[in-house]
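Engineer: Give me a model of this one.
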Amino acid sequence: MAPFLSKYLPGNPNVVVRNVPGGGSITGANQYAADTKPDGLSILGTSGSTQFPYLLGDKKVRYDYKKWEVIIGGPTGGVAYIASGLGVTSVRDLGKLRGKKLVYGNQGATSLDLVPLLSFRMLGLDVQHVFGMKSRGEGRLAFERGEASIDYQTSSAYIKNSLPLVNAGKAVPLFSWGVLDGNGNLQRDPAFPDLPHFAEAFEILNGKPPSGNEWEAVRAFLISGFPANKLLVVPKATPRETVETLRQAFRDMRNDPEYKAGVIKVLGGYDQSIDQAAEATFKLGTTIAEPARDLVRALLTKDFNVAF
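Structural biologist: Purely as a prediction, here's the structure:
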């Protein structure tokens, strides 16, 4: 984004990207919250790894999304799939696996892999989470070696690396995480229109749509990790005219042919959200009901020894 932001902001300022490592992005977000003036000269880029600790109420978090205003949002997608030797041909057959042990290569209980952790559990699957994967790529390799029997990959990685496994008869796609419509409801991912999204998968298995605290928990982290995966924010106290200047630059950027080509390559063609759509996604991706949060914290503490 940086060169295009420079191109479309008044005065064509130099845009410097400053990466702040540490704490899975908590360190940089804490610094931004503590030090940034509301003058529009600094924008923070957050990710699911920034949003998850906030949603979980981690004490290391010193930032509050309620004090920030979103400029643009960037979604991503993903597909869950299972080993073909288990007798499952689609998500409709998952009931056959209840009582059977599956294995998933997990990057960490509070990482983006919290979404499949919660989702598989809600589907009634007995999944052993083997931690220590440094990337989803490592998880896929564990699946290819037969060490894992269920996996998910983000859309671009799935198309490039996992779809060949499906075509070779080694894997069976189950569901996508889905995308949001204008009302904040899950819809099928346009990249995988033949696959049900997670809520559809649950309804196929159970004969009714998901509901209750467990669904509120899954939904909050699913949206935060995928439809609201990337957010660019400024302090809420930033003057309105400055916020509008930034948003206009991003509107112009999104219409730039060169930028559009880059978005297809980098984001897999997912449409970025701005204005009211970004605000709706931002709210959904940074909000969780207290009973749902308590459920997830209790699960992670009891079953995975996570200390908050």
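Engineer: can we go C-alpha only for contacts and neighbour counts from here?
Structural biologist: OK.
Engineer: Which parts of the stretch 1-150 of the chain are helices?
Structural biologist: 2-8, 26-35, 48-56, 114-122, 136-144 (DSSP state H, counting those that start in this stretch).
Engineer: winner for burial among these?
Structural biologist: Sort these by mean neighbour count, taking mean count of other C-alpha atoms under 10 Å, and helix 48-56 sits at the top with a mean of 23.
Engineer: Can you name every helix or strand that that one contacts?
Structural biologist: helix 26-35, helix 212-225, helix 290-304 (3 or more C-alpha pairs under 8 Å, 6 or more residues apart in numbering; DSSP states H and E).
Engineer: circling back: so can I have a markdown table of the helices of the stretch 1-150 of the chain showing mean pLDDT?
Structural biologist: Formatted as a markdown table, those follow (pLDDT from 0 to 100):
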| stretch | mean pLDDT |
| --- | --- |
| helix 2-8 | 95 |
| helix 26-35 | 97 |
| helix 48-56 | 96 |
| helix 114-122 | 97 |
| helix 136-144 | 97 |
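Engineer: Dump the ones you listed to a markdown table, plus distance to residue 270.
Structural biologist: Compiled in a markdown table, the helices of the stretch 1-150 of the chain are given as follows (distance: least, C-alpha to C-alpha, whole Å):
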| stretch | distance to residue 270 |
| --- | --- |
| helix 2-8 | 18 |
| helix 26-35 | 25 |
| helix 48-56 | 16 |
| helix 114-122 | 20 |
| helix 136-144 | 20 |
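Engineer: Just name the most buried of the helices and strands packed on helix 48-56.
Structural biologist: Of all the helices and strands packed on helix 48-56, helix 212-225 has the most neighbours on average by mean count of other C-alpha under 10 Å, namely a mean of 23.
Engineer: So which elements touch it?
Structural biologist: Secondary-structure packing of helix 212-225 (3+ C-alpha pairs under 8 Å, 6+ apart): helix 48-56, helix 114-122, helix 275-285, helix 290-304.
Engineer: Mind checking the pLDDT average for the helix or strand where residue 165 lies?
Structural biologist: Residue 165 is part of helix 163-167 when elements are defined by DSSP states H and E. Summarised as a single mean, pLDDT over helix 163-167 is 97.
Engineer: Just the buried residues of it, please?
Structural biologist: 163, 165-166 (16 or more other C-alpha atoms under 10 Å).
Engineer: Show me which of these is closest to residue 105.
Structural biologist: residue 165 (16.9 Å; C-alpha to C-alpha).
Engineer: quick one: the strands in the stretch 51-200 of the chain?
Structural biologist: In the stretch 51-200 of the chain, the strands defined using DSSP state E, counting those that start in this stretch lie at 68-74, 78-83, 101-106, 126-131, 150-154, 171-176, 179-180, 186-187.
Engineer: Mean neighbour count and mean pLDDT for these - can I get that in TSV?
Structural biologist: Formatted as TSV, the strands of the stretch 51-200 of the chain follow (neighbours: other C-alpha atoms under 10 Å; pLDDT from 0 to 100):
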stretch	mean neighbour count	mean pLDDT
strand 68-74	23	95
strand 78-83	24	97
strand 101-106	22	97
strand 126-131	16	97
strand 150-154	24	97
strand 171-176	25	98
strand 179-180	22	93
strand 186-187	18	94
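Engineer: With that, I have no additional questions.
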